[in-house]
Structures are given as structure tokens and as C-alpha cells.
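Participant: pasting the sequence and the predicted model now:
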Amino acid sequence: MNRDDQPAKPAIAAEMASVARAIRLAIFDVDGVFTDGRIFFGPQGEEVKVFHVRDGFGVKRLAADGIELAIISGRKSDAVARRMSELGIEHVFQGDHDKVPLFERLIKTVGVTPEQVAYMGDDLPDLPVMELVGLPAAPANADPEVIAASKWVARQTGGLGAVREFCDFLLAARRGGGD
């Protein structure tokens, strides 16, 4: 049993591992994926977001393994810009709810095909991009339609380790192992 008293996941299925090994670009939504989806406002109206340090370490490991990283978020936030800068993520798109044109521009810039892209989202605005990528993924607490559209779903929730779990999965697949 693992730390959540759930049976350990079996080794990555061969087909899923093949899809994961092809990934060259990992894109993440922010609210509900890197965060738990809640938005706090301070006394001066400043927006406060909480990020999990393990998620950050996961994306740094992906980058070190040669996977390009990007953020596409419908909301614009100084906290997101700062955190993604700390993580070394240079492709950060914020404040545009029409994510498909951003996705199309991004894959041209990076030089990858849609099949070489993973996208982790949690809500309905993420679905149009998720339908285009090779590996759509979601946190455990994503909208049911997003979970249904995903090829991979985390055991962890957004903001509490789902990003790290997905990063670990991609790295394990690239190394030919299970998770």
C-alpha cells in the first residue's frame, strides 16, 4: 500500500508509456492545477495564490530532462508571473480565455507537433486544448468532463501535488519504468 492507503499503481501500460515518452512540451493551467483553485484577496485588494513546493520541484526536473514547459492561464496574476519566473518557465501566457490560438502559436515557437504535447487542466476552458494534445491530464478534483477527456488523472488534487505526480509520471515513462 502507498501512503494514501491505496493499492500501488501498476507499471505504466506500454501504450501510455509510449505516448508519455513522445512528450516534448508540457503545458499547465494554473488555477486548480498549480493551485487549489481558491483565490485570496488581501486587505489592499492584492491577489494571493498558494503554490506547492513539490510541484515546483517536479517541473524543474522535467526541464532538466529536456521537456519544454509552458503555462496557459485565463487569469492574469502577478503571483503567477513571479512563481513561473522562479521556476524558469519562459512560456507564460496569462489573461486570455481563448487558449487554442496561444497553444497553436506555442507549438510553432517550440517546434513540436500536438502529439508531442501534454496539457494538464482542471476545468471546461481547458477542454479545447486538451482535445488537441497527445497527452491530456487532470488533477483528481478536476471537473468530471475534464477527467473524462483525460488520458491520465492524478491521485492528488490541484495545488496539493497533482503537478508533481504528473511530472514524476512523465519522467518514469521516459526512463522506461513504472511510477
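Facilitator: Cool, the structure landed.
Participant: quick check: chain neighbours aside, which residue is closest to Leu170?
Facilitator: Nearest non-adjacent residue to Leu170, counting by C-beta to C-beta, 6 or more residues apart in numbering: Ala20, 5.5 Å away. The way it works is simple: take the backbone N, C-alpha and C, and place the C-beta from them, glycine included.
Participant: same deal with Phe103?
Facilitator: Val129 (4.8 Å).
Participant: how near is that neighbour to Leu102?
Facilitator: Taking C-beta to C-beta, to the nearest Å as the measure, Val129 falls 8 Å from Leu102.
Participant: need the residues touching each of the two.
Facilitator: Residues touching both Val129 and Leu102 (C-beta atoms under 8 Å, 6 or more residues apart in numbering) are Ile72.
Participant: those two: who's more crowded?
Facilitator: Val129 (22 against 19; other C-beta atoms under 10 Å).
Participant: is the more buried one in contact with Ala70, as I believe?
Facilitator: No - judged on C-beta atoms under 8 Å, Val129 makes no contact with Ala70 at a distance of 10.8 Å.
Participant: what do these two both touch?
Facilitator: Joint contacts of Val129 and Ala70 (C-beta under 8 Å, 6+ apart) are Ile27.
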